[in-house]
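In: could you work out the structure for the sequence below:
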Amino acid sequence: MSQATLSVARGLALRVPSLETTAAWLLAIIWIFPLLYAVWAAFHPPAFMVRFDLFAPLTLDNFANAWSQAPFARYYLNTFLLVSGVVLAQFVVCTLAGFAFARFPIPGKDLLFMLVLIQLFVFPEVLIVENYRIASSLGLVDTITGIGLPYVASAFGIFLLRQTFKTIPRELEDAARIEGCGWMAILLKVYVPLAKPTYLAYGLVSISHHWNNFLWPLVVTNSVESRPLTVGLGVFSAPETGVNWATVSAATLLSIAPLLIAFLLFQRQFVQSFLRAGIR
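Out: Predicted coordinates:
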């Protein structure tokens, strides 16, 4: 085969989209279609929910109706308190546990670490009854603390930080010890700063999960004072409430807007944090 023929073949191969690219575009369209429909329904009058007219009038009445018909301000506050509290508690617990598993000569620590990892194979739904019994005995039913308490000790977070801490050179720890640092100072001044990409990657996963968590908050909450956005949206969009779907679409956008805006603004940092965490 001549060099010219090879060049033409390479050019055609570059121009023809691969199967992976076509499949990726198809999945992207399937994924984004419900979001596009929600945006259309939220910004147009109810009469145009199923009429896709490019000249349909735009309106913000659906957002005003959704905000006035449900206490979304309270739902936002509850969700912010829940997510921030859970993530901070997970950082503390997972940092201490991961550091202990990575550096302390604990007898049988490999067996203990395997027991921690078993949590990854247990579906949260299996533990709902037992978690509710414990929350009830502690008086934490219908509280934000009761929603977040089962997620404080995260096996995934412990695993990530343990693996990251094990890659940090011992020489840095020895140098800090020569300077007179104790274990806690070594952890805070050496290990934690070098694990920032892992913290960011895990924090993003945790925030997204707990912002969208629905089943356990639905079971353990009974009032507006502790109800997060997901449960509030579920109650708001229940068929017996008689709310039209244009208003429900506006309420859905209100619920996902913070995460969506954060991703659009910081997507480069998101991707870089995952890449750095994966390289470690």
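
In: how far does stretch 130-149 stretch from start to finish?
Out: 13 Å (Cα to Cα, to the nearest Å).

In: and that stretch, what's buried?
Out: Within stretch 130-149, the residues that count as buried by 16 or more other Cβ atoms under 10 Å are 131-132, 135, 140-149. No exception for glycine: its C-beta is placed from N, CA and C like everyone else's.

In: also stretch 36-46?
Out: Neighbour-count burial for stretch 36-46 [16+ other Cβ under 10 Å]: 38, 40-44.

In: tabulate those (a markdown table), appending pLDDT.
Out: Formatted as a markdown table, those follow (pLDDT from 0 to 100):
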| residue | pLDDT |
| --- | --- |
| A38 | 87 |
| W40 | 88 |
| A41 | 87 |
| A42 | 88 |
| F43 | 90 |
| H44 | 87 |
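
In: just put the residues you listed in a markdown table and tack on secondary structure.
Out: Putting the buried residues of stretch 36-46 into a markdown table (DSSP: H, G, I helix; E, B strand; the rest coil) gives the following:
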| residue | secondary structure |
| --- | --- |
| A38 | helix |
| W40 | helix |
| A41 | helix |
| A42 | helix |
| F43 | coil |
| H44 | coil |
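
In: farthest-apart pair in those residues, please.
Out: A38 and H44 (11.2 Å; Cβ to Cβ).

In: neighbours of R177, how many?
Out: Residues contacting R177 under the criterion other Cβ atoms under 10 Å number 14.

In: residue contacts, it?
Out: I186 (Cβ atoms under 8 Å, 6 or more residues apart in numbering).

In: any idea which element it lies in?
Out: Assessed by DSSP states H and E, R177 sits inside helix 170-178.

In: now L187: how far from V92?
Out: Here the criterion is Cβ to Cβ, to the nearest Å. By it, L187 lies 11 Å from V92.

In: out of those two, which sits in the busier spot?
Out: The residue with more neighbours, out of L187 and V92 and counting by other Cβ under 10 Å, is L187; that gives 21 against 10.

In: per-residue pLDDT, the residue nearest to the more buried one when sequence neighbours are not counted?
Out: In this structure, L187 finds its nearest non-sequential neighbour in F99, 5.4 Å apart by Cβ to Cβ, 6 or more residues apart in numbering. Looking at F99, its pLDDT is 93.

In: what's the answer for Y76, then?
Out: Y76 carries a pLDDT score of 93 in this model.

In: check the one 4 residues further on too.
Out: With respect to pLDDT, F80 scores 94.

In: which residues touch it?
Out: So F80 contacts nothing (Cβ under 8 Å, 6+ apart).

In: please shift the residue numbers so they start at 349 in all later answers.
Out: All set: I'll call the first residue 349, so the last point we hit is now F428.

In: all strands for the stretch 399-548 of the chain, in order.
Out: With DSSP state E, counting those that start in this stretch as the definition, the stretch 399-548 of the chain shows no strands.

In: and the one helix or strand L608 maps to, what does it pack onto?
Out: For L608, the host element (DSSP H and E) is helix 593-627. If contacts are counted by 3 or more Cβ pairs under 8 Å, 6 or more residues apart in numbering; DSSP states H and E, helix 593-627 sits against helix 367-390, helix 409-417, helix 544-560, helix 577-584.
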